[in-house]
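Student: Build me a structure from this.
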Amino acid sequence: MKHYLITGGTGLIGSALCQHLIAADHDVTVLSRRPSTVADKCGVGIKAVQSLTEITPDTTIDIVINLSGEPIANARWTDKRKSLLESSRIDLTRDLVDWISSRKQKPECLISGSAVGWYGDGGDQTLTEQSDYRDEYTHRLCDAWEKKALQASQMGIRVCIVRTGLVLSSKGGVLQKMLLPFKLGLGGRLGTGEQYMPWIHISDMTRLLGFLAINKQLKGIFNACSPNPVTNQEFTIELTKQLHRYGLFSAPAWALKIASGEMSRLLLTGQRALPQRAIANGFSFTYPALRPALKSLLA
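Tutor: Alright, predicted model coming up:
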């Protein structure tokens, strides 16, 4: 049994991860700005703290999983919004690493979130953890975020960076946002629909984090996405089939650019990312293909 500290624990991934860990009889502490919400979102038996200073020096923390970060696609990327995106990721990660440095008894592992946006727009190029990037805002944001977390390796701590794709869940996230328009028959592709959507089922996401935590030889960068990325058009077709609707509409690129500004690049570009390192190290996906993944979530 291990003691996990999770930041961003009340988010989509964090809340599912907490339930996964509690079911496996681990101890879980969640750092949250609103500790009173933790029990409802993450489950009973989880300790909530509002500040790292509430964790006493004699409390053993074995694994830290850093999932902090304001949602990147919820608003236009104004200067104010970018500042919030950066502070909620980079600054919090810096504070977390500083806290780890101050502790006499340090955790054995830090698993820190990032995103496939690190690669920028990859077009139809296959992207593994060894691939290069296209320099744009998502890369710069994720790169600074990752570098702060990797500083913990200088203390002899094993650090895993998880570049996450679109997490599919029945309880929130991108799939929930898409359901209403698609159920109304208003769903459709975005732009040309040729951009890739690296996705992962929420169950595989939580299992992968657990896999990285317990395999002590693993460190470095890991893509957290299905081995079968699909284009936006392919995703649209499959979702309409699952909902027994027609995807007759499309959102032209120019309209998305006007409505969302620079943030529209999240919708109009993509990454054909593959989880090469997870598979090479023995991780097995429960939902490697989109159709069964959607069926399980829409049942």
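Student: mind showing which ranges of this structure have poor pLDDT?
Tutor: Scanning the chain for pLDDT under 70 picks out 247-248.
Student: now the helix or strand hosting residue 138: how far from the chain's centre is it?
Tutor: In this structure, residue 138 is located in helix 137-150 according to DSSP states H and E. In this view, helix 137-150 has its centroid 14 Å away from the chain centroid, taken as Cα atoms, centre = their mean, to the nearest Å.
Student: quick one: contacts of the next helix or strand after it?
Tutor: Following helix 137-150 in sequence order, the next helix or strand is strand 158-164 (DSSP H and E). With contact meaning Cβ atoms under 8 Å, 6 or more residues apart in numbering, strand 158-164 is reached by 13, 108-116, 118-119, 129, 142, 146, 149-150, 152-153, 200, 205, 208-209, 212, 216, 218-225, 273. Every residue, glycine included, has its C-beta placed from N, CA and C.
Student: Buried residues, stretch 148-166. List them.
Tutor: Residues 148-152, 157-166 are the ones in stretch 148-166 that count as buried (16 or more other Cβ atoms under 10 Å).
Student: Equivalent analysis for stretch 99-117, please.
Tutor: Going by neighbour count (16+ other Cβ under 10 Å), the buried part of stretch 99-117 is 99-100, 106-107, 109-117.
Student: Next, format the residues you listed as TSV and append secondary structure and distance to residue 262.
Tutor: Shown next, in TSV, are the buried residues of stretch 99-117 (DSSP: H, G, I helix; E, B strand; the rest coil; distance: Cβ to Cβ, whole Å):
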residue	secondary structure	distance to residue 262
99	helix	33
100	helix	34
106	coil	39
107	coil	36
109	strand	35
110	strand	31
111	strand	29
112	strand	25
113	strand	22
114	strand	20
115	strand	16
116	helix	18
117	helix	13
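Student: Make TSV from those residues and add distance to residue 80 to it.
Tutor: What follows is the buried residues of stretch 99-117, written out as TSV (distance: Cβ to Cβ, whole Å):
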residue	distance to residue 80
99	27
100	30
106	36
107	34
109	35
110	29
111	30
112	25
113	22
114	23
115	21
116	25
117	20
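Student: Which one of the residues you listed is nearest to residue 134?
Tutor: Using Cβ to Cβ, residue 117 is the member of those that lies nearest residue 134, at 10.3 Å.
Student: Can you tell me which helices and strands the helix holding residue 138 packs against?
Tutor: Other helices and strands packing on helix 137-150, by 3 or more Cβ pairs under 8 Å, 6 or more residues apart in numbering; DSSP states H and E, are helix 79-86, helix 92-102, strand 109-115, strand 158-164, helix 265-268.
Student: from the middle of its chain, how far away would the shortest one be?
Tutor: Think helix 265-268. 17 Å.
Student: What separation is there between the residue most central in space within the chain and residue 144?
Tutor: By Cα atoms, centre = their mean, the mean C-alpha position of the chain lies nearest to residue 164, the distance being 4.2 Å. Using Cβ to Cβ, to the nearest Å, residue 164 is found at 17 Å from residue 144.
Student: Now do the strands in the stretch 101-250 of the chain.
Tutor: 109-115, 126-127, 158-164, 166-168, 188-190, 196-197, 199-201, 220-224, 230-231, 249-251 (DSSP state E, counting those that start in this stretch).
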